[in-house]
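[1] I'll drop the sequence and a predicted model, then ask my questions.
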Amino acid sequence: GRLFDIEQVRADFPILQQHVHGKPLVYLDNAATAQKPRQVIESIGHYYQWDNANIHRAVHQLSERATQAYEAARNKVQRFINAAQREEIVFVRGTTEAINLVAQSFGRNRLQAGDEILLSHMEHHSNIVPWQLLCEQTGAVLKVVPINDAGELLLDEYEKLLSPRTRLVTMVHASNALGTISPVREIIELAHAQGVPVLLDGAQAVPHMPVDVQELDCDFYAFSAHKMVGPTGIGVLYGKREWLEAMPPYQGGGDMILSVSFDKTLYNDPPYKFEAGTPHIAGAIGLGAAVDYLEALGMENVAIYEQELSAYAAEVLAQIPGLRFIGTAQEKVGVLSFALEGVHPHDIGTILDHEGIAIRTGHHCAQPVMDRFGVPATARASFALYNTKAEVDALAAGIRRVRELLG
Ligand code: PMP
C-alpha cells in the first residue's frame, strides 16, 4: 500500500504550486529550510487573528487562550520526541540557540582548563563555534573525531578520543552537508560508560525519521522547527530534567523568575528558567501544528518515503558522466552533495535555478567537511516528504543541461 497520498500532501503546500522562470518550482533545498503546509500557516494566522496576547501572566481570556496554545505546543513536542516530561522541552530560537544555551549554561561553570569536548569532523558551524567560544572562556579544548572517505564517523577513533578528560560529547545526528546519519546509539553508550553526557544536533534528523530521546538516552537534543515544516525563529532544546535543574539560567529577564528583589532573585523551574522574556508564541504554536502534520503522516512513513526517493535520486544522478558524490555513507538522510567535473557548484545552482530547480551550493556551514574532501563547495539537493520522482528526473535533466552548457 501507499505510505501517504503524495498529491494530497503537495496540495497542502501552497508555495509548491508556483512557477519559477516559467518552469514548475522544484524545491530541493530542504536541508536549508522546508516549506510550510497551509495547516501551519493557518495556525499562525489564527493565533494572531483571534488569540494574540502575552502568555502566563494575565487573567483575561485571550491570554489564557494564548498560554493554553503555547503550552499545548510543548506537550505536542514532548510526545513527538517521546521526552519523559514536558518540563524537558525548552523553546528556543532554533538549533543554534539550543547549542549555545548548553555551551554556556552547562559548560561555563563546569569546564576547566584542559577539559575536553568531543565532536565530529562533520559538524555544522553551529555545533563548532559555540564550543570554541566556551573553550576561550574556560581553557577547555576541542577534540575532533575523524570521518572516512564515505563521510562516516570512525567509531574506533571516537573510542580512543574518549578520555577521563572528556566532559561532553556533542555530535550531529544527521549531517546537513553529507547526509550521514551518525551511529548515535554507540556514541551515547560509549560516552555514558565513561559518565560523559551527550548532546545531539538533530536539526537534520527530526524532520526525516522518528526520534525517541528516551530510547536514545541522549542528555541534550537540539532541533529547529523551520526544517520540519514549521516556522522560523523557533526550535527546541530537549534536556534531561536533572541537567536542566542543575544548570544556571542562560538569559535573565521576565518569566524566568519566581521572585526578584535587589538582594536575591529566585529562578523559576525548568523549562521556564530558560525562557526569559516574551517567547515566540506564534512560532511555538506553528511548531505544534507542524508536529500535528508530521504525526498525521507518520514519521515512519516519512522516513521510508524519503529513503526510497533519495535511493532513486542517487541511482539516477550516478549515471551522469563527471558527477561525483561527496558523502556516500551507508546510513543517510535524503541529502545528495555532489561535484560536477569542470563546473563550479555556483554555476550548477544558477543554471538549475533557470530551470525552476532550487538547490543549495556552497560550504553548507560545514567548512571542515569541505576541507576534509578537498573541495571549496558542493552542490546539494536535499529532499522532503513532498518531493517526487518526477522532480528527481527534472533535477537529473537539469544537471545534464549544465554539462552540455559548461562541461
Ligand atoms: N545543525 C545542522 C546539522 C543544520 O543543518 C543546521 C541548519 N542548517 C543547524 C545546525 C543550525 O540550525 P538553525 O540555523 O536553524 O539554528
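    Yes, it's here.
[2] Now do the same for Ile359: its pLDDT.
    What the model reports for Ile359 is a pLDDT of 98.
[3] try the one 10 residues further on
    Confidence at Val369, expressed as pLDDT, is 94.
[4] need the contact list for the residue lying closest to it once chain neighbours are set aside.
    Sequence neighbours aside, Ala177 is the residue nearest to Val369 in space, at 4.5 Å (criterion: C-beta to C-beta, 6 or more residues apart in numbering). Glycine gets a C-beta too; all of them are placed from N, C-alpha and C. Ala177 sits next to 122, 124, 326-327, 335, 337, 363-366, 369-370, 378, 380 when contact means C-beta atoms under 8 Å, 6 or more residues apart in numbering.
[5] Recalculate using a threshold of 6 Å.
    With contact set as C-beta atoms under 6 Å, 6 or more residues apart in numbering, Ala177 has these partners: 364, 366, 369.
[6] so which helix or strand takes in the last one?
    Which is Val369. Using DSSP states H and E, Val369 maps to helix 367-373.
[7] Then the first one?
    In this structure, His364 is located outside every helix and strand according to DSSP H and E.
[8] Grab the nearest non-local neighbour of it.
    Of all residues beyond its chain neighbours, the one nearest His364 is Ala177 (4.2 Å), with distances taken as C-beta to C-beta, 6+ apart.
[9] In which helix or strand does the one you found reside?
    With the criterion set as DSSP H and E, no secondary-structure element contains Ala177; it sits in neither a helix nor a strand.
[10] Could you check how far it is from Met370?
    Plainly put, Ala177 is 8 Å away from Met370 if you go by C-beta to C-beta, to the nearest Å.
[11] just to revisit the earlier point, what residues of the helix holding Val369 count as buried?
    By neighbour count on 16 or more other C-beta atoms under 10 Å, the buried set for helix 367-373 is 368-370, 372-373.
[12] now the residues you listed in TSV, with distance to the ligand?
    Listed next are these as TSV, based on distance: C-beta to the nearest ligand atom, whole Å:
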residue	distance to the ligand
Pro368	13
Val369	11
Met370	14
Arg372	16
Phe373	17
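[13] how about those residues in JSON lines, adding distance to Arg108?
    Formatted as JSON lines, those follow (distance: C-beta to C-beta, whole Å):
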{"residue": "Pro368", "distance to Arg108": "24"}
{"residue": "Val369", "distance to Arg108": "28"}
{"residue": "Met370", "distance to Arg108": "30"}
{"residue": "Arg372", "distance to Arg108": "30"}
{"residue": "Phe373", "distance to Arg108": "34"}
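[14] which bits of the stretch 301-407 of the chain sit near the ligand?
    Cys365 (C-beta under 6 Å from any ligand atom).
[15] cool, and the stretch 51-200 of the chain?
    For the stretch 51-200 of the chain, the residues in contact with the ligand (C-beta under 6 Å from any ligand atom) are 94-96, 124, 126-127, 172, 176.
[16] please redo it, this time with the cut-off set to 5 Å
    By the rule C-beta under 5 Å from any ligand atom, the part of the stretch 51-200 of the chain lying against the ligand is 94-96, 124, 126, 176.
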